[in-house]
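Student: coordinates only, sequence not included:
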């Protein structure tokens, strides 16, 4: 099978990072600015199951969710010109991490623990992995997950920045890289 090299500017863009960091919100803005389709992998899975992720975890189990996540992400990562938002735990799976790093531009949205703590009340009800966890447990999970985000193509610090600012920075950086590495 012939392995055709996908031009950098046609590669899909994948956002990774801890839950609640803004992958979906920023991803939508970046997609709009680059005239690309946006897909939140969790929403794709929710549509397939007909229920929210929290219910999938309860009724079908995390193992089944992770299998479906692997199937969806590996398929989508092979496509061009998309912007994808991955769930916070996606990169725990080597197959997902490898497919995204090989086929896409992976951008890690980073947020400090102190800034993330301020968002807990906004996200806790929709995040099954936070259910019943103490603040200390959440901090431990936060730091463990940071290790899995170490593999990426670019990292953007989102502390003290609004979504528009982050999206503009990412789009400008991508366009600069595209022109630098693959001039038209």
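Tutor: Everything's here; your move. Fair warning: this is a prediction, and the values are worked out from it, not measured in the lab. Numbering: from 1, shown residues only.
Student: pLDDT of the strand ranked longest in the chain, averaged?
Tutor: Taking DSSP state E as the criterion, the chain has its longest strand at strand 105-110. The pLDDT scores in strand 105-110 average 97.
Student: That one pairs with which strands, parallel or anti?
Tutor: strand 13-16 (parallel), strand 154-157 (parallel) (DSSP bridges).
Student: so where's the protein shaky on pLDDT?
Tutor: 1-4, 121-130, 184 (pLDDT under 70).
Student: Determine the angle, from 0 to 180 degrees, between the helix ranked longest in it and strand 105-110.
Tutor: Scanning the chain for the helix with the most residues, using DSSP state H, yields helix 163-181. With axes from the mean of the first three to the mean of the last three CA atoms, to 10 degrees applied, the angle from helix 163-181 to strand 105-110 works out at 150 degrees.
Student: list the buried ones in stretch 39-53?
Tutor: By neighbour count on 16 or more other CB atoms under 10 Å, the buried set for stretch 39-53 is 39, 40, 41, 42, 44, 45, 46, 53. Where you see a C-beta, it was placed from the backbone N, CA and C, and this is true even at glycine.
Student: Counting only helices, which of the residues you listed make the cut?
Tutor: Among these, the members falling in helices are 41, 42, 44, 45, 46, 53 (criterion: DSSP H).
Student: And the helices in this protein, which stretches?
Tutor: 23-34, 41-49, 53-59, 62-77, 94-103, 113-117, 120-123, 135-148, 163-181.
Student: what helices or strands is the second one leaning on?
Tutor: Translated: helix 41-49. Contacts defined by 3 or more CB pairs under 8 Å, 6 or more residues apart in numbering; DSSP states H and E place helix 41-49 against helix 53-59, helix 62-77, strand 82-85.
Student: quick check: angle from the second one to helix 94-103?
Tutor: Orientation check (the same axes, to 10 degrees): helix 62-77 against helix 94-103 gives 10 degrees.
Student: which one of the strands paired with strand 105-110 is the most hemmed in?
Tutor: Of those, the one with the most neighbours on average (mean count of other CB atoms under 10 Å) is strand 13-16, at a mean of 27.
Student: to the chain's geometric centre, what's the distance from that strand?
Tutor: Mean C-alpha position of strand 13-16 versus that of the full chain (CA atoms, centre = their mean, to the nearest Å) differs by 5 Å.
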